[in-house]
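In: Sequence first, predicted model second:
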Amino acid sequence: MTENQEKKAINRAVLVGLNAHCLSREESADDSSMEELADLLETAGGECVGTVFQNKDTPDPRTFMGEGKVAEVKELVDAMGADMVIVDNPLSPSQQRALSEDLKVQVLDRAALILDIFAQRARTKEGRLQVELAQYQYLLPRLLGMWTHLERQEGAIGTRGPGETQLETDRRHIRRKIQKLREELDQVRRVRATQRSRREKNEVPVVAIVGYTNAGKSTLLNKLTGADIPANNRLFDTLDTTTRTLEISDTCTVLLSDTVGFIRKLPHHLVEAFKATLEELSYADLLLHVIDTSNPEWREQAEVVEKLICELGAEQTPRIDVFNKIDRCPSEILPHGEDIVSISAKTGQGLDELLSKIGDRLDTGAHRVVLHIPYDKGGIVDLLHREAKVERVDYGESIEVEAVCTPIQLGRLKDYIVSGWTPPKEFWED
């Protein structure tokens, strides 16, 4: 491929945002959301060649931005050789269609751009299913715009009917596809529920890492567990959930799970589709909310994450706020408190304190003990393998087992414990 062909392959886009008093904060655009939109475009593989921002009392019902601003955007598109326009605000299907007709280029809103990034990033079968479902849900109300080539032939005999028939056929096909994807994701939920019940039975705590996209979640997981997850400085670099084992102490081992990053104006379809993955947050024993302290807008980003955590039903889950990237802002006064820790996932600063806080939160009272079990009680060894963390088994005059046991298991096995734990007085009282 020549250099000119490579340049042609990159989408050149004009970014448009509108701030209106009648719109909610989520629906309006501002300077920071426009900067984030440019970052999203770069993540998707496109190039920003111009930006248009507008303050308006109310959006135009047909084109969202009004005829004068549409003409201004059209001039910029032609002058810069852009092949698409991306609007930071959510567009209705009719507004998207009207803008495409007036501007003569492809028009996307922020939700469509995020969906495209997710489609590029999803690697696992589950991730692809979730993205595909969200894309079909987004596409369904926008199908009409794809049949304008038949609508224009209003006088042509035999075109209007087949056009409408084909449109209905496509709608039915997409509805069937959506239903099939939902059924497959329900199966994913059932598998997750089985895995979850197994973890609960084995009493393995789950710690879920949440946070705004590009806050450093994957870097933190890599640093704590030695995982080799790609951790690049770009939005939505990690989509597929990764879970690794983390040993906090001799008696506390947890499952550490990295989740998809959140972002403001995250398409509702995506939140719904990713619930098969994100519902794990409500079942986690502890959340690590990773916050990028080097970002001047970390408070707004943290608020976005808080809202989505509540939407997913995980607001009651215990949480530690992890202020990351302190190596980039060493002179600033950092937040502090009982459930707050400041770290640098890149350099490792503060990770010991974080592990200590996780251990304190998840301390189950487990002890590492040595048991001497008679051979005629060999079934206890099987029980330990199923329900405890067995570290060593030696066969001599009796079966010597070294294992990490929970308080309940310690109470049941107190007659066989020879070291590591002294039963409290109440255990010996009838």
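Out: Arrived safely, thanks for sending. In this text, all values refer to a predicted model and were calculated from it rather than measured experimentally.
In: roughly how far apart are the spatially most central residue of the chain and E75?
Out: By C-alpha atoms, centre = their mean, the mean C-alpha position of the chain lies nearest to V260, the distance being 1.9 Å. From V260 across to E75, the span is 39 Å (C-beta to C-beta, to the nearest Å). To be clear about C-beta, it is placed using only N, CA and C from the backbone, and glycine gets the same treatment.
In: tell me which element D394 falls in.
Out: strand 389-395 (DSSP states H and E).
In: ok so, going back, which of the three states applies to the residue nearest to the centre of the chain?
Out: Here V260 is recorded as coil under DSSP: H, G, I helix; E, B strand; the rest coil.
In: So which bits of the helix or strand where L246 lies are buried?
Out: Assessed by DSSP H and E, L246 sits inside strand 242-249. Using 16 or more other C-beta atoms under 10 Å as the test for burial, strand 242-249 gives T242, T243, R244, L246, I248.
In: Could you give the average pLDDT over it?
Out: Mean per-residue pLDDT for strand 242-249: 82.
In: how far is it from where the chain is centred?
Out: For strand 242-249, the separation from the chain centroid amounts to 19 Å (computed by C-alpha atoms, centre = their mean, to the nearest Å).
In: Which neighbours in the sheet does that strand have, and how are they oriented?
Out: strand 252-258 (antiparallel) (DSSP bridges).
In: And for the helix or strand following the strand it pairs with, what's in contact with it?
Out: Following strand 252-258 in sequence order, the next helix or strand is helix 268-273 (DSSP H and E). When contacts are defined by C-beta atoms under 8 Å, 6 or more residues apart in numbering, helix 268-273 is touched by residues 111, 114-115, 118, 130-131, 133-135, 137-138, 185, 278, 308, 311-312.
In: could you redo the last one with a cut-off of 6 Å?
Out: Defining contact as C-beta atoms under 6 Å, 6 or more residues apart in numbering, one finds that helix 268-273 is touched by Q130, L133, A134, Q137, Y138.
In: just the strands in the stretch 101-250 of the chain please.
Out: Along the stretch 101-250 of the chain, counting by DSSP state E, counting those that start in this stretch, strands occupy 106-109, 206-211, 242-249.
In: Could I get those strands in a markdown table, plus columns for distance to V369?
Out: Formatted as a markdown table, the strands of the stretch 101-250 of the chain follow (distance: least, C-beta to C-beta, whole Å):
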| stretch | distance to V369 |
| --- | --- |
| strand 106-109 | 60 |
| strand 206-211 | 24 |
| strand 242-249 | 15 |
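In: quick one, which of those is nearest to V191?
Out: Ranking these by proximity to V191 (C-beta to C-beta) places strand 242-249 first, at 13.6 Å.
In: low-scoring stretches of the stretch 1-150 of the chain, by residue?
Out: For the stretch 1-150 of the chain, the stretches flagged by pLDDT under 70 are 1-9, 144-150.
In: go again using 80 as the cut-off
Out: 1-9, 121-124, 126-127, 143-150 (pLDDT under 80).
In: do the same with the stretch 201-350 of the chain
Out: If you take pLDDT under 80 as the line, the stretch 201-350 of the chain has these spans: 201-204, 227-242, 249-252, 259-260, 266-283, 312, 330-337.
In: Number of residues surrounding the closest residue to P374 other than its chain neighbours?
Out: Spatial nearest neighbour of P374, chain neighbours left out: S398 (5.6 Å); criterion: C-beta to C-beta, 6 or more residues apart in numbering. Using other C-beta atoms under 10 Å, S398 has 15 other residues around it.
In: Next: the one 3 residues further on.
Out: Here the count is done by other C-beta under 10 Å, and V401 has 23 residues near it.
In: so what's it bridging to?
Out: L371, V393.
In: How about stretch 311-328, which residues are buried there?
Out: L312, A314, T317, R319, I320, D321, V322, F323, N324, K325, I326, D327.
In: and it, how far from the chain's centre?
Out: That offset, for stretch 311-328, works out to 13 Å (C-alpha atoms, centre = their mean).
In: same deal with stretch 178-191?
Out: How far stretch 178-191 lies from its chain's middle: 18 Å, per C-alpha atoms, centre = their mean.
In: Over to stretch 393-401?
Out: Counting by C-alpha atoms, centre = their mean, stretch 393-401 comes out at 47 Å from the chain centroid.
In: next one: stretch 255-263
Out: Between the mean C-alpha position of stretch 255-263 and that of its chain there is a distance of 5 Å (C-alpha atoms, centre = their mean).
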